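1. here is a sequence with its predicted model. Questions after.
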Amino acid sequence: MTALPPNEQLKDLRSRLGITTRDVAEFSLRIAEAEGNPEFQISNAWLTQIENSDSVPSIFKLYSLSAIYRMKFTDLLRLYGLDLQKLGFHQLAAPLPHTHLTTLEVYDADRTVSFPIRFDRSFDLDNTNLLSRMVELWGEVPIALIQHLDIRHSQYGYVGLEDYTLYPLLRPGSFVQIDSRVRKVQPLRRRTEFDRPIYFVELRDGYACSWCDLLDDQLLLLPHPLSPCNARKFKYGTDAEIVGQVTAVAMKLSDVSDPAPDGNAKLPKRV
């Protein structure tokens, strides 16, 4: 069944609520007065025009309609072809060159996503396998439920495409999960490079993802031995602060379009 145009869906919403265009005008006036902004006000003539044409409401008037019609703002935006859940996709399609903090924002917790809800017991979870073969049953799970998996309580960072500090251990373009509870360099014994804590660091002019060491009041950012980058040092607490320790990484293991760094690669400035 073909969906009705946005203007007809708005008119249908109002009709089912049993209110007139003049009622909407009166209710919106209260919102405009409460917000101190006349842009929230919807006149009788304006609403009539919107309901009978392909005009697009401003964000302020759409907000008022959301409040009056008891409809989620995100649903009204989707009515006009604007899906906020696609923001993450477009962010990935436009990667930035420098390392920075990022977010995994959920704009509509009531929406569902395809998620594994039962695993095949015959598969050994200790061994590497395809997820599609391990999952016995997929289901539509509310995003709000997945939020309880502690996804939102962590910070996330993105390693810039020009940041080769920990290459090849941590490739440019990787996403990292950050535990912000660990904000001090941990003096631990390490058997291998994989045991060595990685920290996400906020600098005056950006961010860094690196091994760290503390020497008096200087925070040293240490690159991987195979990295083309130099070690950097900053005054701890003034020019550099630790955001947290990296606890998980999502990255590509190979990308033919991203060759290994050479002498022409843009590397973090030495301080």
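-> Great, that's in hand. Nothing here was measured: the structure is a model prediction, and the numbers come from that model.

2. output stretch 7-17 as PDB, restricted to C-alpha atoms.
-> This file holds the C-alpha atoms of stretch 7-17, laid out as PDB (Å, rounded to 0.1, in the frame of the first residue of the first chain):
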ATOM      1  CA  ASN A   7       0.500  16.800   4.000                       C
ATOM      2  CA  GLU A   8      -2.300  14.300   3.900                       C
ATOM      3  CA  GLN A   9      -0.800  12.300   6.800                       C
ATOM      4  CA  LEU A  10      -0.700  15.500   8.900                       C
ATOM      5  CA  LYS A  11      -4.300  16.200   8.100                       C
ATOM      6  CA  ASP A  12      -5.200  12.700   9.000                       C
ATOM      7  CA  LEU A  13      -3.400  13.000  12.300                       C
ATOM      8  CA  ARG A  14      -5.300  16.100  13.200                       C
ATOM      9  CA  SER A  15      -8.700  14.600  12.100                       C
ATOM     10  CA  ARG A  16      -8.200  11.500  14.200                       C
ATOM     11  CA  LEU A  17      -7.400  13.700  17.200                       C
END
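
3. how far is the helix or strand harbouring residue 29 from where the chain is centred?
-> Here residue 29, judged by DSSP states H and E, is contained in helix 21-35. Centroid displacement of helix 21-35 relative to its chain, using C-alpha atoms, centre = their mean, to the nearest Å, is 34 Å.

4. how about stretch 36-45?
-> 33 Å.

5. so that it lines up with my notes, have the first residue be 41 from now on.
-> Sure, I'll start numbering at 41, so the last one becomes stretch 76-85.

6. what mean pLDDT does it get?
-> Mean per-residue pLDDT for stretch 76-85: 96.

7. try stretch 232-243
-> The predicted model assigns stretch 232-243 a mean pLDDT of 90.

8. pull the residues that contact it.
-> Outside of stretch 232-243, the residues within contact range by C-beta atoms under 8 Å, 6 or more residues apart in numbering are 141, 195, 197, 206, 209-210, 216, 218, 222, 225-226, 228, 230, 247-252, 259, 261, 264, 274, 279-286. (Each C-beta comes from the backbone N, C-alpha and C, glycine too.)
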